[in-house]
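Engineer: The following comprises the amino acid sequence and a computationally predicted model.
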Amino acid sequence: MAVQVFPTEEAVADALAKYTSDLSKKFADRRGAFTVVLSGGYLINSIRKLLEPPFVDEVDWEKWHVFWVDERVVPKTHSDSNYKLAYDGFLSKVPIPPNHIYAINDSLSAEGAADDYEDCLKQLVKSGVLEVSPTTGFPRFDLMLLGMGPDGHLASLFPKHHLLSENKRWVTFIKDSPKPPPVRITFTFPVINASAYIAMVVVGTGEVDAVSKALGSQDSSSDLLPVQMVTLEDGEFTWFTDKEATSKLQH
Ligand SMILES: O=C1O[C@H](COP(=O)(O)O)[C@@H](O)[C@H](O)[C@H]1O
């Protein structure tokens, strides 16, 4: 695990744009596709520099395939929708082919939407867009761009929730999310852990306690925050943080 601490949020956004652009080139050159997973929340603001030169002109947007690590089971037009957040703030401003943007089917129940999203991933494995982990058989995304909540949750995997131990499904659902809205679908840990690269982006003062616990303490396994339960099989996990977010850490 690597931890990068930048002086400001602006510097985090600059570094994240370069990191994402470099990985986009690497995967587009290597296999003609770049599979990118987004979260909701502040993350979408953190990737804003990709919309500016030089990145907006250098990135081969046609090669991007975009997914969500979690989604709220609401219409795509709803203000709680992670798709809407990403579309309004980012996706509508870059030429990613619309059929490479894999949004939840918002006409289904939570159970149906999770099944449907998992089926969609399985089709993409068959067609070669999505790779799979040779050791576990779970889908292996090229890059996950993730945020963390103040309670240490990532995706819709919340502290002490039974979904933390889901180890068969690729995509599952939750109906009692402690953070509203309660009904969501989410990738499971085996999918997150199969990733090639994860950028965990945490800036500002909202998550200082969780950052301090995640990066500064040596908890027993029963006390781990969800973010501490990420154990990549064969990948790189990098924290992109600023001074504010790490202000409670002893250096
Ligand atoms: O509910 C969610 O929260 C997390 C963290 O969001 P933030 O607002 O604290 O940045 C987000 O990563 C997840 O996708 C979202 O559904």
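Structural biologist: Alright, I've got the coordinates.

Engineer: Bridge partners for the one residue in the stretch 101-250 of the chain that gets nearest to the ligand, pull those for me.
Structural biologist: Taking CB to the nearest ligand atom, the ligand has its nearest neighbour within the stretch 101-250 of the chain at Gly147, 3.6 Å off. (Each C-beta comes from the backbone N, C-alpha and C, glycine too.) Taking DSSP bridges, one finds Val201 as the beta-bridge partners of Gly147.

Engineer: and it, how far is that from Gly137?
Structural biologist: To Gly137, Gly147 is 27 Å away according to CB to CB, to the nearest Å.

Engineer: Between the two, tell me which one has more neighbours.
Structural biologist: Gly147 (24 against 12; other CB atoms under 10 Å).

Engineer: who's in contact with the more buried one?
Structural biologist: Ser39, Gly40, Gly41, Tyr42, Leu43, Ser46, Leu154, Met200, Val201, Val202 (CB atoms under 8 Å, 6 or more residues apart in numbering).

Engineer: How about Val132?
Structural biologist: Contact analysis of Val132 by CB under 8 Å, 6+ apart lists Val125, Phe138, Pro139, Arg140, Ala194.

Engineer: Let's have these in TSV, adding secondary structure.
Structural biologist: Listed next are the contacts of Val132 as TSV, based on DSSP: H, G, I helix; E, B strand; the rest coil:
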residue	secondary structure
Val125	helix
Phe138	coil
Pro139	strand
Arg140	strand
Ala194	coil
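
Engineer: Tell me which residue of this protein lies closest to the ligand.
Structural biologist: Gly41 (2.3 Å).

Engineer: so how far is Val66 from the closest residue to that residue other than its chain neighbours?
Structural biologist: Nearest non-adjacent residue to Gly41, counting by CB to CB, 6 or more residues apart in numbering: Gly147, 4.3 Å away. To Val66, Gly147 is 16 Å away according to CB to CB.

Engineer: Same question for Lys25.
Structural biologist: Lys25 sits at a distance of 17 Å from Val66 (criterion: CB to CB).

Engineer: need the helix or strand of the protein with the lowest average pLDDT.
Structural biologist: Of all helical and strand segments in the chain, the minimum by mean pLDDT, DSSP states H and E falls on helix 208-216, at a mean of 95.

Engineer: how far does that helix sit from the chain's center?
Structural biologist: Averaged C-alpha coordinates place helix 208-216 at 19 Å from its chain's average position (CA atoms, centre = their mean, to the nearest Å).

Engineer: is any part of it close to the ligand?
Structural biologist: No - Helix 208-216 lies apart from the ligand when judged by CB under 6 Å from any ligand atom; the minimum separation is 9.6 Å.

Engineer: Need the pLDDT of the residue nearest the centre of the chain.
Structural biologist: Centroid check for the chain by CA atoms, centre = their mean gives Leu146 as the closest residue, at 3.4 Å. As predicted, Leu146 sits at a pLDDT of 98.

Engineer: tell me the contacts of it?
Structural biologist: Val37, Ser39, Leu43, Val69, Leu154, Ala155, Ile198, Ala199, Met200, Val201.

Engineer: Thr20 too?
Structural biologist: So Thr20 contacts Val36, Ile47, Leu50, Phe55, Leu143, Leu145, Ala199 (CB under 8 Å, 6+ apart).

Engineer: Can you classify it as helix, strand or coil?
Structural biologist: Quick answer, by three-state DSSP: Thr20 is helix.

Engineer: now the helices: where do they sit in this protein?
Structural biologist: With helices called from DSSP state H, the chain shows them at 9-31, 43-46, 55-58, 82-89, 110-126, 189-193, 208-216.

Engineer: which parts of the longest one are buried?
Structural biologist: For helix 9-31, a neighbour-count test (16 or more other CB atoms under 10 Å) marks 9, 11-13, 15-17, 19-21, 23-24, 27-28 as buried.
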